[in-house]
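A.B. asks: Have a look at this prediction, sequence included:
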Amino acid sequence: MNLSSNLTDDLQIITVNEPRIDASVAIRFKDRMRDETNTQTPRILLDLSQVDFIDSRGLGAIVAAMKQLGRDRKLDLAGLRPNVDRVFRLTRMDTVFAIHPTVAQAVTAHAG
């Protein structure tokens, strides 16, 4: 699972550099997220702009990543493509996560 990370004092942006988060990579995704978020950064932004497909296992892996952060840290999402956005809305996960159209808009929202 190819993830890249950009860290500031209070925001970590993690980009998924893969076209899919599905059953075949869900465990690796969770492990990589755990490794990447092993910081004290209070806010994590997951950039999904390169992801075109997500299944229930992938969605579960993102939820698990959020839960492992604990109560005092927040996981937001950005850049959902139409197929991925549809999954979040159909499963009502759009009520669980703050979803931003782009990374830039998420960063601006955080700063404001």
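C.D. replies: Alright, I've got the coordinates. Numbering: from 1, shown residues only.
A.B. asks: Could you use CA atoms for every contact and neighbour count after this?
C.D. replies: OK.
A.B. asks: Which of the three states applies to the spatially most central residue of the chain?
C.D. replies: Centroid-nearest residue in the chain, with Cα atoms, centre = their mean: Leu46, separated by 3.0 Å. Here Leu46 is recorded as strand under DSSP: H, G, I helix; E, B strand; the rest coil.
A.B. asks: what sits against it?
C.D. replies: Neighbour list for Leu46: Ile13, Ile14, Thr15, Val16, Leu75, Asp76, Leu77, Ala78 [criterion: Cα atoms under 8 Å, 6 or more residues apart in numbering].
A.B. asks: tell me which residues in the helix or strand in which Ala61 is found are buried?
C.D. replies: Following DSSP states H and E, one finds Ala61 within helix 56-68. Of the residues in helix 56-68, those with enough neighbours to count as buried (16 or more other Cα atoms under 10 Å) are Arg57, Gly58, Leu59, Gly60, Ala61, Ile62, Val63, Ala65, Met66.
A.B. asks: tally of neighbours for the closest residue to Val16 other than its chain neighbours?
C.D. replies: Nearest non-adjacent residue to Val16, counting by Cα to Cα, 6 or more residues apart in numbering: Leu3, 4.8 Å away. Close neighbours of Leu3, defined as other Cα atoms under 10 Å, add up to 15.
A.B. asks: and what of the one 3 residues further on?
C.D. replies: Per other Cα under 10 Å, the neighbour tally for Asn6 reads 11.
A.B. asks: Could you give the bridge partners of it?
C.D. replies: Per DSSP bridges, the residues bridged to Asn6 are Ile13.
A.B. asks: and the gap between it and Val103?
C.D. replies: Distance of Asn6 to Val103, computed by Cα to Cα, to the nearest Å: 12 Å.
A.B. asks: so where do the strands sit in this structure?
C.D. replies: Counting by DSSP state E, the chain has strands at residues 3-7, 12-16, 20-21, 43-47, 53-54, 74-78, 99-100.
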